[in-house]
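**Student:** A predicted structure for the sequence below; I have some questions about it.
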Amino acid sequence: NKVGGQWCPEIDIMEANNHAFQATPHKCEEPLNGHYAACDRAGCHQNTRDVELAYGPGEGFKIDTRRKFDVHTDFFEQGGVFTGIRTTIQQQERQVVLDHSDCSAEYLKALTG
């Protein structure tokens with residue numbers, strides 16, 4: 001979340017390889033004179049590694065990354081304020097959902113632009 005030497009709030013929708021899939025919102029401190037001085041580099045991430053046998057190469061995983069799968073991301077707002085993100089990874093009738101329920105309302109609100 002530091003691009004070209006400038007900090008910025010961001011949402012990494014898909015950080016993935018064939019062993020793990022992660023989605024991460026990153027909030028920043030309030031800007032000073034239109035520039036952010038610092039952001040939360042770790043973010044409020046959720047990862048398929050947090051769910052046993054959710055995602056990986058092989059038939060033993062809910063999402064077998066050796067085969068085609070679809071990714072769908074929903075963004076939620078209420079009254080113009082960002083309130084949530086949900087990523088659904090689906091392969092035929094099987095799915096894994098990253099709902100970011102551990103991210104606080106205040107954290108997500110800070111990403112409202």
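**Tutor:** Okay, I see it. Residues are numbered from 1 along each chain as shown.

**Student:** quick one: contacts for residue 13?
**Tutor:** 23, 73, 87 (C-beta atoms under 8 Å, 6 or more residues apart in numbering). C-beta coordinates here come from the backbone N, C-alpha and C atoms, glycine included.

**Student:** at 7 Å what do you get?
**Tutor:** 23, 73 (C-beta atoms under 7 Å, 6 or more residues apart in numbering).

**Student:** Which helix or strand contains residue 106?
**Tutor:** Following DSSP states H and E, one finds residue 106 within helix 105-109.

**Student:** which helices and strands sit right next to that helix?
**Tutor:** Other helices and strands packing on helix 105-109, by 3 or more C-beta pairs under 7 Å, 6 or more residues apart in numbering; DSSP states H and E, are strand 81-91.

**Student:** What residues of the helix holding residue 106 count as buried?
**Tutor:** Neighbour-count burial for helix 105-109 flags 107-108 (criterion: 16 or more other C-beta atoms under 10 Å).

**Student:** any idea how far it is from the chain center?
**Tutor:** Chain-centre distance of helix 105-109: 14 Å, with C-alpha atoms, centre = their mean, to the nearest Å.

**Student:** what's in contact with it?
**Tutor:** 25, 27, 44, 81-84.

**Student:** what's the closest of those residues to residue 103?
**Tutor:** The shortest gap between residue 103 and any of the contacts of helix 105-109 belongs to residue 44, at 3.9 Å (C-beta to C-beta).
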